[in-house]
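>>> structure of the sequence below:
(one chain, ligands or ions: 1)
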Amino acid sequence: MSLPRIIVLGAGLGGTIAAYELREATKGRADVMVVSDTDDYWFVPSNPWVAVRWREPDAIRVHLPPVMKKRGIGFTNVGCTRVHPTENRLDLGDGSSMTYDYLVIATGPELAFDEIKGLGPDGHTVSVCRTDHASHAADEFDAFCANPRPIVVGAAQGASCFGPAYEFALILDTELRRRKIRDQVPMTFVTSEPYVGHLGLDGVGDTKGLLESEMRNRHIKWVTNARITSVDDGMMHVEEVAEDGAVKKTHDLPFGYSMILPAFRGIKAVFGVEGLTNPRGFILADKYQRNPNFKNIYSLGVCVAIPPIGPTPVPVGVPKTGFMIESMVTAVAHNLAAELDGKQPTDIPSWNAVCLADFGDGGVAFVAQPQIPPRNVNWSSHGKWVHLAKVGFEKYFLRKVRMGTSEPAYEKLALQILGISKLKATTKGAS
Ligand SMILES: Cc1cc2nc3c(=O)[nH]c(=O)nc-3n(C[C@H](O)[C@H](O)[C@H](O)COP(=O)(O)OP(=O)(O)OC[C@H]3O[C@@H](n4cnc5c(N)ncnc54)[C@H](O)[C@@H]3O)c2cc1C
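Now for the predicted structure:
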């Protein structure tokens, strides 16, 4: 008799470790298969370093097929073109189709550059969202350094990922000082957040004070509540919005180099699938990470629908950070294992946010438990140790992906010592 098939769709930060964790949790009881659209895993958090050549792209890449084979996980790189939840079936990029018993969607976001005229690598700004984008950004940065001019960095309206924007602005400042041309480069940070350090989380600890102070110390000006209306070659047009939604001021910001994080939306393969997604194409999930309408579909990572933290003059999304995604992975693995035993899902992910934002010569770290305030833990700190910790984490995470393991014993121990849990609740034994 054939075993039930669990397909993990997408092999990024969440999908890759989900496949490893599912393999462990369901050994001998299910076949685990990964449907990716690429053979390689890229450590996205290091992309800002690639854009200033502090990292070569190959250093943050893991070639997945041999690892998956070693772990007994099926793998294809043909990608999925459409999910058909009523038929438990995927259309694949090579024209074939594949059925599943359980589906775990981990496809990350589609980058909505097209929502602002002139935004993105096909327009006039660079991106660090993907490693190939970051490589392109590095070429553009080299050319810029030969002819220094103003820089504009930030996050567009509807963006949900702000940490990397701050990171990149401050990394650029560090790199420009190293190249001894910082004095020729006025810098402006443009963000849809209502205040510096909001981060889509209404701040964590004193991220407002810490990030404002960093930017003041480094002579980076900022515009908050910003709506980018369009980008021309060398000029960004921005509306600054008041509390009541009216336009308070307009800014025309000249630039020779600009990186703006776009809004995210769901990928085409799921966009508009009735009952599966919200209007932006993000996957609907209950507290167990299970779709409320198609109970054999789970989701994790950036593709999951999470409502914003509260109203803001310009739309601001909630970030889905690495540790939060790992908590979703653990819950999904446990819940699918329970389902294979004929039980109901048991585990609720903690969605805790643990984040290290590196500036090259220092950084800001924060822990938000839970992610939505008011919180039990609401801590932020800064210092040189953050840079070292981020380098250490990069090495550690890449090793984990290369080995095909999800959470070695010492990681578990470290998290226990810090009092950070991946699971909010478990009702183990429910049937
Ligand atoms: C520049 C940047 C820096 C970040 N830095 C940090 C950080 O320092 N700390 C932190 O905690 N978080 C960080 N994040 C947030 C988050 O951790 C990352 O975005 C993370 O990569 C998200 O994981 P994911 O698995 O949801 O999506 P992804 O890692 O984007 O993976 C999605 C995968 O799905 C694949 N896919 C897409 N469409 C299809 C399809 N049709 N068929 C098959 N496969 C498909 C993609 O190719 C990709 O491999 C950062 C995000 C960005 C953009």
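>>> for the protein, give me the ranges with low pLDDT.
For the chain, residues meeting the criterion pLDDT under 70 lie at 407-420, 425-431.
>>> what does it put close to the ligand?
9-15, 35-38, 44-45, 47, 79-80, 106-108, 128-129, 161, 163-164, 267, 269, 301-302, 321-322, 325, 355 (C-beta under 6 Å from any ligand atom). Just so you know, the C-beta spots here come from the backbone N, C-alpha and C atoms, and that holds for glycine as well.
>>> mind listing which of those are in helices?
Of the residues of the chain next to the ligand, the ones assigned to helices by DSSP state H are 13-15, 47, 163-164, 322, 325.
>>> most neighbours among the residues you listed, which one?
In terms of neighbours by other C-beta atoms under 10 Å, those top out with Gly14 at 29 neighbours.
>>> so that one makes contact with Ala106?
Yes - at 4.3 Å, Gly14 counts as touching Ala106 under the criterion of C-beta atoms under 8 Å.
>>> shared neighbours of the two, anything?
300-301 (C-beta atoms under 8 Å, 6 or more residues apart in numbering).
>>> I'd like to know how many residues surround whichever residue of the chain sits closest to the ligand.
Proximity to the ligand, evaluated over the chain using C-beta to the nearest ligand atom, is greatest for Gly12 at 1.7 Å. Neighbour count for Gly12, taken as other C-beta under 10 Å: 22.
>>> same question, Asp358
30.
>>> OK, contacts around Gly163?
By C-beta under 8 Å, 6+ apart, the neighbours of Gly163 are 199, 319, 321, 355, 357.
>>> report the buried residues of stretch 236-248.
236-241 (16 or more other C-beta atoms under 10 Å).
>>> same question for stretch 174-186.
174-176, 182, 185-186.
>>> distance to Ser381 and secondary structure added to those residues, as CSV?
Below are the buried residues of stretch 174-186 laid out as CSV (distance: C-beta to C-beta, whole Å; DSSP: H, G, I helix; E, B strand; the rest coil):
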residue, distance to Ser381, secondary structure
Thr174, 19, helix
Glu175, 24, helix
Leu176, 25, helix
Arg182, 26, helix
Val185, 28, coil
Pro186, 29, coil
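>>> domains of this protein?
The chain breaks down into these domains under automatic domain parsing: 5-111+265-349, 113-263.
>>> redo those domains as JSON lines? Include distance to Ala389.
Listed next are the domains of the chain as JSON lines, based on distance: least, C-beta to C-beta, whole Å:
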{"stretch": "domain 5-111+265-349", "distance to Ala389": "12"}
{"stretch": "domain 113-263", "distance to Ala389": "13"}
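>>> out of the ones you listed, which comes closest to Met403?
For Met403, the closest of the domains of the chain is domain 5-111+265-349, at 7.7 Å, according to C-beta to C-beta.
>>> how far out from the middle of the chain is that closest one?
Using C-alpha atoms, centre = their mean, to the nearest Å, the distance from the centre of domain 5-111+265-349 to the centre of the chain it belongs to is 12 Å.
>>> for it, measure first residue to last.
23 Å (C-alpha to C-alpha, to the nearest Å).
>>> helices - which of the buried residues of stretch 236-248 land there?
Using DSSP H, no member of those falls in helices.
>>> hmm, Phe264 and Phe317 touching each other?
Phe isn't right for residue 317; it's Gly. Yes - counting by C-beta under 8 Å, Phe264 is a contact partner of Gly317 at 7.1 Å.
>>> which neighbours do the two share?
Contact criterion C-beta under 8 Å, 6+ apart; residues shared by Gly317 and Phe264: 158-161.
>>> which of those residues sit farthest apart?
The span of those, defined through C-beta to C-beta, is set by Gly158 and Cys161 at 10.8 Å.
>>> shared neighbours, these two?
Common neighbours of Gly158 and Cys161, using C-beta under 8 Å, 6+ apart, are 264, 317.
>>> in strands, which of the contacts of Gly163 appear?
355, 357 (DSSP state E).
>>> most neighbours among the contacts of Gly163, which one is it?
When neighbours are counted by other C-beta under 10 Å, Leu199 leads the contacts of Gly163 with 33 neighbours.
>>> and it, what is it in contact with?
162-163, 193, 207, 319.
>>> return the subset of the shared contacts of Gly317 and Phe264 lying in strands.
Judged by DSSP E, strands contain none of the shared contacts of Gly317 and Phe264.
>>> now do the helices in the protein.
Under the criterion DSSP H, the chain contains helices at 13-25, 47-50, 64-70, 131-145, 163-178, 207-217, 322-340, 384-403, 409-418.
>>> mind putting the shared contacts of Gly317 and Phe264 in a markdown table, neighbour count included?
Shown next, in a markdown table, are the shared contacts of Gly317 and Phe264 (neighbours: other C-beta atoms under 10 Å):
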| residue | neighbour count |
| --- | --- |
| Gly158 | 20 |
| Ala159 | 25 |
| Ser160 | 22 |
| Cys161 | 22 |
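>>> from those, which is closest to Lys117?
Distance to Lys117 across these (C-beta to C-beta) is lowest for Gly158, with 15.0 Å.
>>> tell me how far the closest one lies from Glu87.
32 Å (C-beta to C-beta, to the nearest Å).
>>> repeat that for Gly10.
20 Å.
>>> between the two, who's got more neighbours?
Using other C-beta under 10 Å, the more surrounded residue of Gly10 and Glu87 is Gly10, with 29 against 9.
>>> so how far is Lys69 from that one?
Per C-beta to C-beta, Gly10 is found 19 Å from Lys69.
>>> returning to that earlier point: let's have the contacts of Gly163 in a markdown table, adding distance to Val329.
A markdown table is the format used below for the contacts of Gly163 (distance: C-beta to C-beta, whole Å):
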| residue | distance to Val329 |
| --- | --- |
| Leu199 | 22 |
| Pro319 | 17 |
| Thr321 | 13 |
| Cys355 | 17 |
| Ala357 | 22 |
